[in-house]
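# Prediction below, plus the sequence it came from.
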Amino acid sequence: MPDTRPRGPRSRDLLRDELATLTTESVDDRGRDLDTLSTARLVERMNDGDRGVPEAVSRALPAIGAAIDAITDRVRRGGRLIYVGAGTAGRLGIVDASECPPTFSVDPGLVVGVIAGGDPAIRTAVENAEDDEQGGADVLSELKLREADTVVGLSASGRTPYVAGALTSARSAGALTVAVACNAESVIGRMADHAIEVVVGPEFIAGSTRLKAGTAQKLVLNMISTITMVRLGKTYGNIMVDLQATKEKLRARAERTVMLVTDCTAEEAAAALSASAGSVKVAVLMLLRGVGAEQAQEALATAPSLRAALDAR
């Protein structure tokens with residue numbers, strides 16, 4: 001566990017030595033002349049460096065897939081998916097969590113984003129918050145962490161004390177633990193049930209982990225939340241069907257979705273959605289199976305997905 005006691009000269013020496021071992025803190029010698037280059041050359045060089053991020057993520061795909069299967073199992077058992085991070089990593093977790101309700105019609109409490117320093121840290125840096133190891137444990141206590149829950153610790157360096165404290169607390173509670181870091185053999189990786197370590201190498205600006213490391217973490221989070229929802233039956237093929245038409249934009253999207261899946265007319269889609277209280281899944285099942293709204297709702301209540309309900313005989 002990282003040492004989070006007040007830092008004096010000796011502890012700063014140890015921290016400097018530790019940072020020197022991290023690829024996210026290393027300096028790319030090819031960038032020593034950055035401040036002398038033209039804007040055109042700078043954007044080319046930055047883009048070239050970013051090309052390696054998806055390749056780094058691809059090397060972690062087995063670990064990502066294993067984590068998603070474990071997370072899906074916990075969510076099916078009534079658990080929540082909780083992201084914990086500091087700074088950029090924490091903000092990325094909050095972004096991913098906040099997108100799940102409108103995209104997949106899940107309860108806002110199912111996917112939760114937590115950032116060191118609380119809500120003010122979403123927009124403004126909160127000094128020393130990431131060093132508060134006990135704070136990471138306390139926030140999970142406030143969330144009343146359960147054994148069925150999953151805690152995903154996000155840290156580019158892989159050593160953030162706040163995240164480490166949360167993972168320690170999560171393990172004690174019997175929750176599933178996942179670490180997402182951008183250094184190999186990370187502290188949080190060694191603490192977690194599933195370690196996802198995407199090594200992207202030195203940043204365009206040395207140590208600025210909002211860049212390649214941030215991009216890598218966003219790609220991993222996209223996979224975790226999206227594929228978990230696919231496994232939970234929130235899509236039909238690659239189409240969002242777990243959608244409730246509650247406002248004009250969503251009503252138009254819902255009608256288009258029903259038309260895409262069933263090949264019906266706009267009028268037929270609107271009528272089915274009206275009869276189904278705006279539920280795309282129910283409307284689709286009504287049209288494709290030729291049943292009423294009540295029978296469609298009953299079929300979906302006992303099926304894990306729309307496809308399973310359609311295939312049932």
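Done, it's in.

# Glu130 belongs to a strand, doesn't it?
No. Inclusion of Glu130 in a strand is not indicated when DSSP: H, G, I helix; E, B strand; the rest coil is applied; the result is helix.

# from what I can see it touches Thr88, true?
No. At 10.7 Å, Glu130 does not count as touching Thr88 under the criterion of Cβ atoms under 8 Å. Bear in mind the C-beta positions are built from the backbone N, C-alpha and C, glycine included.

# Where do the helices of the stretch 101-250 of the chain begin and end?
Assigned by DSSP state H, counting those that start in this stretch, the helices in the stretch 101-250 of the chain fall at 133-142, 161-172, 187-191, 212-231, 248-262.

# More neighbours: which of Glu130 and Thr88?
Glu130 (27 against 20; other Cβ atoms under 10 Å).

# State the distance from the more buried one to Val95.
Glu130 is 18 Å from Val95, where distance means Cβ to Cβ, to the nearest Å.

# next one: Thr72
Distance from Thr72 to Val95, by Cβ to Cβ: 21 Å.

# Neighbour count for those two, which is higher?
Just comparing Thr72 and Val95: by other Cβ under 10 Å the higher neighbour count belongs to Thr72, 20 against 14.

# In space, what's closest to the more buried one - neighbours in sequence excluded?
Arg231 (4.4 Å; Cβ to Cβ, 6 or more residues apart in numbering).

# Same question for Val187.
Arg159 (4.3 Å).

# Let me know the average pLDDT across stretch 294-302.
Stretch 294-302 shows a mean pLDDT of 95 in the predicted model.

# Run the chain-centre distance for it.
31 Å (Cα atoms, centre = their mean, to the nearest Å).

# repeat for stretch 122-134
20 Å.

# swap in stretch 162-180?
16 Å.

# what comes up buried for that stretch?
Neighbour-count burial for stretch 162-180, counted by 16 or more other Cβ atoms under 10 Å, picks out 162-170, 173, 175-180.

# now do stretch 258-269
So stretch 258-269, judged by 16+ other Cβ under 10 Å, has buried residues 258-259, 261-262, 264, 268-269.

# export those to a markdown table and tack on pLDDT and distance to Val27?
Converted to a markdown table, the buried residues of stretch 258-269 look like this (pLDDT from 0 to 100; distance: Cβ to Cβ, whole Å):
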| residue | pLDDT | distance to Val27 |
| --- | --- | --- |
| Val258 | 96 | 55 |
| Met259 | 96 | 54 |
| Val261 | 96 | 52 |
| Thr262 | 96 | 57 |
| Cys264 | 97 | 59 |
| Glu268 | 97 | 62 |
| Ala269 | 96 | 57 |
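
# Reformat these as JSON lines; add distance to Arg51.
Output for those, formatted as JSON lines (distance: Cβ to Cβ, whole Å):
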{"residue": "Val258", "distance to Arg51": "39"}
{"residue": "Met259", "distance to Arg51": "38"}
{"residue": "Val261", "distance to Arg51": "36"}
{"residue": "Thr262", "distance to Arg51": "41"}
{"residue": "Cys264", "distance to Arg51": "43"}
{"residue": "Glu268", "distance to Arg51": "46"}
{"residue": "Ala269", "distance to Arg51": "42"}
